[in-house]
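A.B. asks: here is a sequence together with a model predicted from it:
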Amino acid sequence: MAQTELNVPRGSAPDDDSILVRVENVVKHFPVKAGGFISHTVGHVHAVDDVSLVIERGKTLGLVGETGSGKSTLARCVAGLIPVTSGRVLFNGTDITKLSRGQMRPLRREVQMIFQDPYSSLNPRRRVGSIISEPFAIHKTATGAERKRQVQELMERVGLNPEHYNRFPAEFSGGQRQRIGVARALALRPKLIICDEPVSALDVSIQAQVLNLLSDLQQEYGLSYLFIAHDLEVVRHVSDKVAVMYLGRIGEAAPAEDLYDKPRHPYTVALLSAAPAADPDTAAARQRVILVGDVPSPIDPPAGCRFHPRCPKAQEVCSKVEPALVPDNARPQSQDDAGQRAAETSQSATAVPGGWAHVTACHFPVVPGESLAAAGAAKGDVA
Amino acid sequence: MTISNLTEAGFEAQQAAEGQETAGRVEGRTQWQLTWRRLRGDKVSVIALAVIVIMVILAIAAPAFAAITGHGVNTSYPNTGENAYGNPVGPGVNGFFLGTDSTGRDVFVRILYGARISLFVGVVSTAIATVLGVVIGLMAGYFGGFIDTVLARLTDAVLAFPYVILAIALAVVFGPSLTVIMVMVTFFSWAGIARIVRGQTLSIKEKEYIEAARSLGAGPFRIMFLDILPNLLAPVLVIATLLIPNAIVFEATLSFLGLGIQPPTPSWGNMLADASNSYQVAWWYLAFPALFLLITTLAFNLLGDGIRDAMDPRTERLLAARRMRKQRAKARKNATQSGVGPGQAIPDTVNG
């Protein structure tokens, strides 16, 4: 099926200057091996299945989804750390999936990563100075005293004491360690930083500090972020646009406020209703959509819409026809027959308008004010 | 969660607190400093290390001892070294500190020269085997796939080999020499290290900091030697220390069988072989080389165990517990000495 391009500013050409990264129909399958001595492939984990998206310069794209939805795999494909099965990743117009390791080297400067676990992302046997100066050593950009000066400047910039140059990671707290990770990612002045759940291992007050640091750095250096998290509030706070992933596909994508205020995909609605609310009155008043069952196996994903076995609104067509990722206005609002709908959506998928559209891959998107809990109760599988 | 509610002032305060927490601390210790500290606290390891140091000094100073005693290493002393019946003289007789052997040579001087061979074979072969094992293990673990299959099977094959039989065969084919011994010792030592290193590499290469290095553009060799290797030096050091006595015993075994160091050059192994013919009249000829062999291998083994314990963070707690027990025992002793009966120390006890 043809996926639409997300978050393309209205009227922009594909090679528009405002787009830094363009992910086109990226597929990543991991082979599942069986048999001891002579192993053979018995199946594939469909980690990422035909995903397209764009990241704009100086903007943040949030990527949410539960464990196993393929967020981190997608991030590693974008960073060029793992080869894609098919599809293209265009960075500044260059397809990085076709590059050799040597050709990739200069591009490594442009894309950096910040990792989830500040404890395992820093080598415990190396001093902080050596960790942060690693990028300079690899790319031979600065040596000796100049390198040390730059490292200490970076440490100061991310809020670390430059005097701690000779310490080991074990001597720092979780928040400080994550700052070391930020400094390392920042060293080569990249254009894109992929943040793979950068704050989920930190406690809440430290999370805020690191997030503030990231947004300061974004303004200062004009960085773009691909920000992965499963904390919906964190994503809302930092992202300009948000994409929701489920089982290797994007289910819904929209500008951040739009997605949180008017979620269209039933999965997004369920995800939002599962996030805890700080205000007890709000918490009591809202309707929780509790999904039944587990995420299906990515080795053998469900046919049709991948969410249909757990969807309170699922109908027969959902298990047969895969919904295209289309903007709201491309889909008729009336609940008419399924065949016609399928025809319309596949047709409209080829003619998607760009812009900051709110796109959803669902045959029966949730309309504002609709109660999913009620729909589920009728089906008897939602509490 | 409310991020926006966290004010900038609160952020600054938090940051200040974070800075203060570390600012007051002493300069941190490296893992090696910690290990050395714990090792120094372990009496057995300290003694073992002292024994090894003394043994090395004795071996290096062997010519000096030969000069002091005036006895050459391969010289027979038929007049002073043998008694009226032509038998070797015992320890302390006629200036022979540990007696003489069947041909009237100084056992002490020969043992010291033998120590040179033993320690040289033990340390050098193990060092070469360690480098080889680390490189092979790292490559197998890091690259995986076909390279791993080949290297790991090779390792298993070497480990499964009946090494004494191969050693005998090689010694027969190439003729016994120091080089052949060292090649054989090295050949049979690297596999154990390679296997451990491979296993450790497999687990370390999945860590995020390795991925971080890759995303920075580091090449495979940079990652293997700068990122992975420092993390597995500790187990490698322990195994290497424990391999040295094995190498020493292996050399002694081959020399004992007549396939290693050839007489008249002394080695502990060929001295023992020679002594097996004359120990009924000269027990010292058998006992002292055997004792030196035993003490040296024991020292290396105990040191290896000590290093392993010192690198295990749990040891710190065990040592602390031992210290606490000792202090308590001392306190109890002081209490009894100052006239308080053992029964009275516990107030609840009803005492007559």
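C.D. replies: Done, it's in.

A.B. asks: low pLDDT regions in the chain?
C.D. replies: Looking at chain A here, since you left the chain open. Scanning chain A for pLDDT under 70 picks out the ranges A:1-16, A:35-37, A:328-356, A:369, A:371-383.

A.B. asks: chain B was what I was after
C.D. replies: Residues of chain B meeting the criterion pLDDT under 70: B:1-30, B:313-319, B:337-352.

A.B. asks: centre-most residue in it?
C.D. replies: Centrality entry for chain B: nearest residue to the mean C-alpha point is B:Thr241, 2.4 Å, by C-alpha atoms, centre = their mean.

A.B. asks: quick check, it in a helix?
C.D. replies: Yes. Note on B:Thr241: a helix contains this position according to DSSP: H, G, I helix; E, B strand; the rest coil.

A.B. asks: can you pull the contacts of it?
C.D. replies: Neighbouring residues of B:Thr241 by C-beta atoms under 8 Å, 6 or more residues apart in numbering or on different chains: B:Phe300, B:Leu303, B:Gly304, B:Ile307. Any C-beta I mention is one placed from the backbone N, CA and C, and that applies to glycine too.

A.B. asks: tell me where chain A has helices.
C.D. replies: Using DSSP state H, the helices of chain A run over residues A:71-78, A:101-108, A:128-139, A:144-157, A:174-186, A:204-221, A:232-238, A:256-261, A:266-274, A:280-285, A:338-349, A:372-379.

A.B. asks: out of those, which gets nearest to A:Met245?
C.D. replies: helix A:71-78 (5.6 Å; C-beta to C-beta).

A.B. asks: ok, residues contacting the closest one?
C.D. replies: With C-beta under 8 Å, 6+ apart as the test, helix A:71-78 has contacts from A:21, A:23, A:26, A:28, A:47-48, A:51, A:63-65, A:82, A:84, A:89, A:97, A:111, A:113, A:194, A:196-197, A:226, A:228, A:245.

A.B. asks: keep only those residues that also lie close to chain B.
C.D. replies: On the criterion C-beta under 8 Å from any C-beta of the partner chain, A:Val111, A:Met113 are the entries of those that sit beside chain B.

A.B. asks: before we move on, back to that, which residue comes closest to the residue nearest to the centre of chain B once chain neighbours are left out?
C.D. replies: In space, and not counting its chain neighbours, B:Thr241 is closest to B:Gly304: 3.7 Å by C-beta to C-beta, 6 or more residues apart in numbering or on different chains.

A.B. asks: over to B:Gly199?
C.D. replies: Leaving out its chain neighbours, the residue that sits closest to B:Gly199 by C-beta to C-beta, 6+ apart is B:Gly141, at 7.2 Å.

A.B. asks: can you tell me the helix or strand for that neighbour?
C.D. replies: Take DSSP states H and E as the rule and B:Gly141 turns out to sit in helix B:107-143.

A.B. asks: counting by contacts, list what that helix packs against.
C.D. replies: Other elements packing on helix B:107-143 under the criterion 3 or more C-beta pairs under 8 Å, 6 or more residues apart in numbering or on different chains; DSSP states H and E are helix B:43-60, helix B:62-69, helix B:145-160, helix B:178-204, helix B:229-256, helix B:268-275, helix B:283-311.

A.B. asks: do that again at 6 Å, thanks
C.D. replies: Using 3 or more C-beta pairs under 6 Å, 6 or more residues apart in numbering or on different chains; DSSP states H and E as the contact criterion, the elements in contact with helix B:107-143 are helix B:43-60, helix B:62-69, helix B:145-160, helix B:178-204, helix B:229-256, helix B:283-311.

A.B. asks: for A:Glu233, which of the ones you listed is the nearest?
C.D. replies: When those are ranked by proximity to A:Glu233, the top entry is helix B:178-204, at 34.7 Å, counting by C-beta to C-beta.

A.B. asks: next helix or strand past the closest one?
C.D. replies: Next along the chain from helix B:178-204, counting by DSSP H and E, comes helix B:208-215.

A.B. asks: ok now that following helix, how far from the chain's centre?
C.D. replies: 34 Å (C-alpha atoms, centre = their mean, to the nearest Å).

A.B. asks: go ahead and name everything in contact with that helix.
C.D. replies: Residues outside helix B:208-215 that contact it (C-beta atoms under 6 Å, 6 or more residues apart in numbering or on different chains) are A:Ala79, A:Leu81, A:Met113, A:Phe115, A:Asp117, A:Ser120, A:Ser121, A:Leu122, A:Asn123, B:Ile223, B:Asp227.

A.B. asks: nearest to B:Ile117 among those?
C.D. replies: Here the nearest of these to B:Ile117, counting by C-beta to C-beta, is B:Asp227; it sits at 38.9 Å.

A.B. asks: returning to that earlier point: can you redo the contacts of helix B:208-215 as TSV with distance to A:Ser239 and neighbour count?
C.D. replies: Formatted as TSV, the entries for these read as follows, by distance: C-beta to C-beta, whole Å; neighbours: other C-beta atoms under 10 Å in any protein chain shown:
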residue	distance to A:Ser239	neighbour count
A:Ala79	18	24
A:Leu81	22	17
A:Met113	17	27
A:Phe115	19	26
A:Asp117	22	19
A:Ser120	26	17
A:Ser121	22	26
A:Leu122	26	26
A:Asn123	30	24
B:Ile223	33	21
B:Asp227	32	22
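
A.B. asks: so which of these belong to strands?
C.D. replies: Those of the contacts of helix B:208-215 mapping onto strands are A:Met113, per DSSP state E.

A.B. asks: let me know the closest of the contacts of helix B:208-215 to A:Arg249.
C.D. replies: Out of the contacts of helix B:208-215, the one with the shortest distance to A:Arg249 is A:Ala79. That distance is 20.1 Å, counting by C-beta to C-beta.

A.B. asks: tell me the secondary structure of B:Gly86, please.
C.D. replies: When the structure is reduced to helix, strand and coil (three-state DSSP), B:Gly86 reads as coil.

A.B. asks: neighbours around it, how many?
C.D. replies: Other residues within reach of B:Gly86 by the criterion other C-beta atoms under 10 Å in any protein chain shown amount to 10.

A.B. asks: can you pull the phi/psi pair for it?
C.D. replies: Here is the backbone geometry of B:Gly86 (degrees, to the nearest 10): phi 80, psi 10.

A.B. asks: need the contact partners of stretch A:145-161.
C.D. replies: Under the contact criterion C-beta under 6 Å, 6+ apart, stretch A:145-161 has outside partners A:Gly129, A:Ile132, A:Ser133, A:Phe136, A:Ala142, A:Pro162, A:Arg179, A:Val182, A:Ala183, B:Gln15.

A.B. asks: isn't the second one right next to A:Val182, touching?
C.D. replies: No. With contact defined as C-beta atoms under 6 Å, A:Ile132 does not reach A:Val182; the gap is 9.9 Å.
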